[in-house]
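this one's sequence-less:
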């Protein structure tokens, strides 16, 4: 807004046009830098809490990695020393590098 005002003042001869252009470019640069930093450094969306010791349903077969559903949320999962087919129940035993670590349930 201030940059536009400076350009208009320069056009009507209230201030020298070279000075108006220089000041307007400085204000535009500051605005663009602020916009860039706001977009670039936006915090990531919060992740749902890790559902440790909860039962999950296998959606995509774990051979040993696949997808499970815990409480309506889909997670990438790694079956610890096992394989599980779609529809089987597993228990969440850990979390590593953005992936749930699961084991087959002893009682389904």
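Yep, it's here. On a predicted model such as this, the values are computed, not experimentally measured, just so you know.

the domain parsing of this protein - what is it?
2-40, 55-104 (automatic domain parsing).

report the buried residues of the shortest one.
What that stands for is domain 2-40. Neighbour-count burial for domain 2-40 flags 3, 6, 7, 9, 10, 20, 23, 24 (criterion: 16 or more other CB atoms under 10 Å). No exception for glycine: its C-beta is placed from N, CA and C like everyone else's.

quick check: closest non-adjacent residue to the last one.
Closest residue to residue 24 apart from its sequence neighbours, by CB to CB, 6 or more residues apart in numbering: residue 3 at 4.0 Å.

surely that neighbour is within a strand?
No: Residue 3 is assigned helix when assessed by DSSP: H, G, I helix; E, B strand; the rest coil, not a strand.

give me the neighbour count for the nearest residue to residue 88 once chain neighbours are set aside.
Distances taken as CB to CB, 6+ apart put residue 58 closest to residue 88, at 4.9 Å, once the chain neighbours are dropped. Under the neighbour criterion other CB atoms under 10 Å, residue 58 is assigned a count of 22.
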